[in-house]
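# missing the sequence, but the structure's below:
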């Protein structure tokens, strides 16, 4: 929000300052003739040059204002690029700094029905030599015949561990070191209107370490506490008739993905399958108001299920307000609703709520709620690309502070 407000103030101030050359010119016209003779020729040249520079600055500001504040769409169907600074501080990491950027474009500008393709890059570093890098692509070919997804990620980052299941407490919080390398590829082909079938492959390599032998992590009987690797081979089925993939106002999305992990390496590596179901519906209530609904089910089952393959509740996409991994187990069921009001082509507000739980045979479910609101700024009207600012609240367990979180992200949560 600070970034957008500062940009708007900056543009407004320069728009006002852009009139300064005209004011100076008017002042010179009303100066007494005798006073005008006292002004050296070089000074007049300097003033004229300054005025010319200010006029150029005014032109630049007008162009920027038209690009980022105008309600007019770009008729050239060009791509849009946005960069956000990432900065923060935590006792465990020190100062964190970096950039997050996204590029939205059409693979074929001549196709009026082609969907927006996206390339997203994020890189952050900390003063304690930690790092996080992620490259994601989401591409749609001509006629939307093929949908191609890829991800490359390297993450050297600690995380908070509280235990397994929904009956865990803040007092048991333990910091765990983790390194992750991931490469993921997925290709889906249209087999009929709005229906796609796909293949996917994913490789993960985890390195995990905890230096506190007397805490719950090392004392538990979890598999894969030092890390491991997994190769997932999967099939997917997708139904998607959304009107826009960046900011949907009408349509439905339903995806089922089943991925099998064969036994290839050690006996503690994952051997089993992951099942993911993602259902979404978008109902227009008004030409500016949309009700967005989502439900997800994620399950891990098989002979050997290591700790790093458990499903996590929380984060900036689903169950906002909870730390990602605050609750974790082999299964995860959650839903959320979001009421979106786009009162201006460039700006919108949202209110949202969610309900979710992790569970397994060993741990029963306990559903927790989340709720919050946020602001949207659309930096590209052609692609409906947005920056979102969300603040959300979670539950307050006895003797603990209410869980909450602020999120600054590129694109919608779903």
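In hand now; what should we look at? Predicted, not measured: the structure shown is a model, and the values here were computed from it.
# can you pull out the helices in this structure?
For the chain, the helices defined by DSSP state H cover 2-17, 20-30, 33-37, 41-69, 216-219.
# how does the protein divide into domains?
Annotated domains of the chain cover 2-69, 80-410 [automatic domain parsing].
# tell me the mean pLDDT over the last one?
The reference is to domain 80-410. In this model, domain 80-410 has an average pLDDT of 93.
# ends of that domain, how far apart?
13 Å (Cα to Cα, to the nearest Å).
# Same check on stretch 234-252?
Between the start and the finish of stretch 234-252 there is a gap of 23 Å, counting by Cα to Cα.
# Return the distance of it from the chain's centre.
Centroid separation between stretch 234-252 and its chain, computed with Cα atoms, centre = their mean, to the nearest Å, is 17 Å.
# That stretch: which residues count as buried?
Within stretch 234-252, the residues that count as buried by 16 or more other Cβ atoms under 10 Å are 234, 236, 238-240, 242, 245-249, 251-252. Every residue, glycine included, has its C-beta placed from N, CA and C.
# From those residues, pick the one nearest residue 328.
Distance to residue 328, by Cβ to Cβ, is smallest for residue 234 among the buried residues of stretch 234-252, at 21.5 Å.
# if we can go back for a sec, in the buried residues of stretch 234-252, find the pair that's most separated.
Longest span within these, Cβ to Cβ: 234 and 249, 30.5 Å.
# nearest to residue 377, of the buried residues of stretch 234-252?
Checking these against residue 377 with Cβ to Cβ, the nearest one is residue 247 at 11.8 Å.
# any idea which of the domains of the chain is most buried?
When those are scored by mean count of other Cβ atoms under 10 Å, the highest mean neighbour count falls to domain 80-410 (a mean of 17).
# give me the beta-bridge partners of the nearest residue to residue 201 once chain neighbours are set aside?
Sequence neighbours aside, residue 185 is the residue nearest to residue 201 in space, at 5.4 Å (criterion: Cβ to Cβ, 6 or more residues apart in numbering). Beta bridges link residue 185 to residue 150, residue 201, judged by DSSP bridges.
# Distance check, residue 185 against residue 233.
11 Å (Cβ to Cβ, to the nearest Å).
# Overlap of the contact sets of the two?
In terms of Cβ atoms under 8 Å, 6 or more residues apart in numbering, residue 185 and residue 233 are both contacted by the residues 200-201.
# Which residue lies nearest to residue 101 in three dimensions, sequence-adjacent residues excluded?
Using Cβ to Cβ, 6+ apart, the closest residue to residue 101 is residue 83 (4.3 Å).
# my read: that neighbour touches residue 100, true?
Yes - the pair residue 83 and residue 100 passes the contact test of Cβ atoms under 8 Å, sitting 7.3 Å apart.
# so what sits against both of the two?
Residues touching both residue 83 and residue 100 by Cβ under 8 Å, 6+ apart: none at all.
# Pretty sure the residue nearest to residue 201 sits against residue 198.
No - counting by Cβ under 8 Å, residue 185 stays clear of residue 198, with 10.4 Å between them.
# so how far is residue 274 from the nearest residue to residue 320 once chain neighbours are set aside?
Among residues not flanking residue 320 along the chain, residue 392 sits closest, at 3.8 Å (Cβ to Cβ, 6+ apart). Distance, residue 392 to residue 274, using Cβ to Cβ: 27 Å.
# Same question for residue 386.
30 Å.
# quick revisit: if I read this right, the residue nearest to residue 320 contacts residue 317, doesn't it?
No - using Cβ under 8 Å, residue 392 makes no contact with residue 317, being 11.4 Å away.
# Can you give me the end-to-end span of stretch 217-224?
Stretch 217-224 end-to-end distance (Cα to Cα) = 11 Å.
# residues in contact with that stretch?
Stretch 217-224 has contacts (Cβ under 8 Å, 6+ apart) with 161, 163-164, 174, 176, 206, 208, 210, 212-213, 225, 268-270, 304-309.
# One more pass at 6 Å, please.
161, 174, 210, 268, 306-308 (Cβ atoms under 6 Å, 6 or more residues apart in numbering).
# go on, stretch 168-186?
Contacting residues not belonging to stretch 168-186 are listed as 92, 149-156, 158-163, 198, 200-210, 215-217, 400 [Cβ under 6 Å, 6+ apart].
# Need the max-distance pair from the contacts of stretch 217-224.
The distance between the two most remote of these (Cβ to Cβ) is 20.5 Å, for 174 and 268.
# Just want the phi and psi numbers for residue 365.
The phi/psi pair for residue 365 (degrees, to the nearest 10) reads phi -80, psi 150.
# tell me the contacts of it?
Going by Cβ under 6 Å, 6+ apart, residue 365 touches 357, 359.
# same thing but 7 Å
By Cβ atoms under 7 Å, 6 or more residues apart in numbering, the contact set of residue 365 is 166, 357, 359.
# With residue 391 instead?
372-374, 406.
# Show me which pair in these is furthest apart.
The largest separation in those, counting by Cβ to Cβ, is between 373 and 406 at 11.5 Å.
# Going along the chain, name the strands of the stretch 201-350 of the chain.
227-240, 251-261, 271-284, 289-304, 311-313, 327-329, 331-344, 347-359 (DSSP state E, counting those that start in this stretch).
# Turn those into CSV, including distance to residue 115.
Shown next, in CSV, are the strands of the stretch 201-350 of the chain (distance: least, Cβ to Cβ, whole Å):
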stretch, distance to residue 115
strand 227-240, 9
strand 251-261, 12
strand 271-284, 15
strand 289-304, 18
strand 311-313, 29
strand 327-329, 34
strand 331-344, 19
strand 347-359, 21
